[in-house]
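> From the sequence below, what's the structure:
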Amino acid sequence: MRRILGIDCGSGVTGYGLIDTDGRACQIVVSGVISTQARFSFPQRLRQISDALGELIKTYSPVAVAVEDIFYSVNVKSALKLGQVRGVALLKAAEAGLPVHEYSPLEIKSSVVGYGRAEKSQVQHMVTILLKLDQVPPEDAADALAVAICHAHHSGRLSGLSSSQPGTQNKVIHGAR
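Below is the predicted model:
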């Protein structure tokens with residue numbers, strides 16, 4: 001089994017999803033969101049995200065990290081902030097010695113839903129079905145799980161190195177204070 005960490009970057013809420021896969025089927029390990037404190041400065045929010053991602057990597061020992069590739073945005077300020085959050089995620093993966101795989105929104109949606117222009121609710125629905133979840137995960141967590149599933153589909157022919165840890169959880173991480 002291979003353990004994959006999918007990350008949906010955002011400065012206010014960053015989604016994460018860890019799955020185990022044998023290349024054919026995927027099973028959820030944990031998913032949730034890292035919520036940053038709006039009263040903190042942007043650098044402090046980046047630190048919250050960094051600390052939480054570092055703790056996830058340390059706790060769950062993924063063998064790969066998958067993130068959504070940069071996409072074009074009309075709002076330049078938002079795009080720059082998103083890029084900085086992505087930089088933090090890429091750095092945490094690199095510090096842990098993990099390979100990082102990037103996928104476009106079109107690739108992720110096509111892989112999970114079968115349609116590259118799918119709505120967020122369709123992604124949530126398909127993630128729920130594919131992972132056999134009892135409830136629909138929050139939007140950002142579902143997006144992160146979709147990134148992880150996309151990577152599992154693209155790397156299905158690779159042999160796994162990680163041991164599986166059963167159990168399903170959803171939680172919110174509030175980062176460092």
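
> When you work out contacts or count neighbours from here on, use the C-alpha atoms and nothing else.
Will do.

> what's the spacing between stretch 43-61 and its chain's center?
Centroid displacement of stretch 43-61 relative to its chain, using CA atoms, centre = their mean, to the nearest Å, is 13 Å.

> In it, which residues are buried?
Neighbour-count burial for stretch 43-61, counted by 16 or more other CA atoms under 10 Å, picks out 44-54, 56-57, 60-61.

> tally of neighbours for Glu139?
By the measure other CA atoms under 10 Å, the count of residues near Glu139 is 17.

> hang on, isn't it packed against Gln122?
No - counting by CA atoms under 8 Å, Gln122 is not a contact partner of Glu139; they are 10.4 Å apart.

> Look at Phe71 and say how many residues are nearby.
Phe71 has 10 neighbours, counted by other CA under 10 Å.

> now Ser78
Ser78 has 13 neighbours, counted by other CA under 10 Å.

> cool, the one 5 residues further on as well?
Neighbour count of Gly83, defined by other CA under 10 Å: 18.

> which stretches of this protein have low pLDDT?
72-73, 156-177 (pLDDT under 70).

> which residue ranges form the helices in it?
42-60, 76-95, 105-112, 120-130, 139-154 (DSSP state H).

> winner for burial among the ones you listed?
helix 139-154 (a mean of 27; mean count of other CA atoms under 10 Å).

> With just CA atoms, put it into PDB.
Only the C-alpha atoms of helix 139-154 are listed here, as PDB (Å, rounded to 0.1, in the frame of the first residue of the first chain):
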ATOM      1  CA  GLU A 139     -15.400  21.100   0.400                       C
ATOM      2  CA  ASP A 140     -11.700  21.800   1.000                       C
ATOM      3  CA  ALA A 141     -11.100  18.300   2.400                       C
ATOM      4  CA  ALA A 142     -12.900  16.700  -0.500                       C
ATOM      5  CA  ASP A 143     -10.700  18.700  -2.900                       C
ATOM      6  CA  ALA A 144      -7.600  17.500  -1.100                       C
ATOM      7  CA  LEU A 145      -8.800  13.900  -1.200                       C
ATOM      8  CA  ALA A 146      -9.600  14.300  -5.000                       C
ATOM      9  CA  VAL A 147      -5.900  15.400  -5.500                       C
ATOM     10  CA  ALA A 148      -4.700  12.300  -3.700                       C
ATOM     11  CA  ILE A 149      -7.100  10.100  -5.700                       C
ATOM     12  CA  CYS A 150      -5.900  11.700  -8.900                       C
ATOM     13  CA  HIS A 151      -2.300  10.900  -8.000                       C
ATOM     14  CA  ALA A 152      -3.300   7.300  -7.000                       C
ATOM     15  CA  HIS A 153      -4.800   6.900 -10.500                       C
ATOM     16  CA  HIS A 154      -1.800   8.300 -12.200                       C
END
